[in-house]
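In: What shape does this take:
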Amino acid sequence: MASLDLRDNLLGISWVDSGWVPILNPGNVLDYFSERSNPFYDRTCNNEVVKMQRLTLDHLNQMVGVEYILLHAQEPILYIVRKQQRQSPTQVIPVADYYIIAGVVYQAPDLGSVISSRVLSAVHGIQSAFDEAMSFCRYHPSKGYWWHFKDQEERGDLFCSSLLL
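Out: Coordinates of the predicted model:
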C-alpha cells in the first residue's frame, strides 16, 4: 500500500495538452483527462472499459473498481475530476481529486499533505526565531545570562537571567 501512496502522490507536477485548451467543456473534459500523456490517469480504470465497449458513462455505476468522474465544473476555466474506488452502485471511496485550471491539470493535496506542510512551515518559523533569539543571549559564570544587542552596547547590557526562569 505504501508504494501505491507514493505513486499516487503527484503533487509536484502538472500536465497540459495545449491543443485541447480552447475547446474544453464539461462534455469533453474527461476525454481530455484520459489522454495517454496525462500522468494522473490510470489506464486500468473502468472509464477505459466503458470507452472500449462504447458505452455511456452511466454504466460506471454498475461496475466495481477505479473510475473518474467530473465532480464540478465552472466554465470555462475550472474543472474538478475525482478518482474514486467504486464498491457498489451506491458506495464509493474518494481516492484523489484533480483540478484543471485553464487546461492545466494538478493533483489536489489531501488533508494530511496540507496539515504536514503547514506544521513544517510553522516549526521552521519557530526554530528560526529561537535561533535568532539565542544569538543575542550571552552567559558568563560571574554575571549569569544576559541579552546582548548591538544597539544596547552604549546603554549597557540587559540581564536576562530572570527571563529564562
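In: Which element is encountered next along the chain beyond the biggest helix by length in the chain?
Out: Taking DSSP state H as the assignment, the helix of the chain that covers the most residues is helix 111-135. Toward the C-terminus, helix 111-135 is succeeded by strand 137-140 as the next helix or strand (DSSP states H and E).
In: how does the chain divide up, domain by domain?
Out: Following the TED database, the chain resolves into domains at 14-108, 112-161.
In: Skipping its backbone neighbours, what lies nearest the residue positioned nearest the centre of the chain in space?
Out: Centre of the chain computed as the mean C-alpha position; nearest residue by C-alpha atoms, centre = their mean is P109, 2.3 Å away. Distance criterion C-beta to C-beta, 6 or more residues apart in numbering; nearest residue to P109, sequence neighbours excluded, is L11 at 5.6 Å. For the C-beta atoms, the positions are set from N, CA and C on the backbone; glycine is no exception.
In: any low-confidence regions in this protein?
Out: 1-9, 152-165 (pLDDT under 70).
In: Strands of that one, start to end?
Out: Along the chain, counting by DSSP state E, strands occupy 14-15, 65-74, 78-86, 92-101, 104-107, 137-140, 144-147, 158-159.
In: now those in JSON lines, with distance to V114 and mean neighbour count?
Out: Below are those laid out as JSON lines (distance: least, C-beta to C-beta, whole Å; neighbours: other C-beta atoms under 10 Å):
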{"stretch": "strand 14-15", "distance to V114": "18", "mean neighbour count": "16"}
{"stretch": "strand 65-74", "distance to V114": "18", "mean neighbour count": "16"}
{"stretch": "strand 78-86", "distance to V114": "16", "mean neighbour count": "19"}
{"stretch": "strand 92-101", "distance to V114": "12", "mean neighbour count": "16"}
{"stretch": "strand 104-107", "distance to V114": "12", "mean neighbour count": "19"}
{"stretch": "strand 137-140", "distance to V114": "35", "mean neighbour count": "12"}
{"stretch": "strand 144-147", "distance to V114": "37", "mean neighbour count": "15"}
{"stretch": "strand 158-159", "distance to V114": "41", "mean neighbour count": "12"}
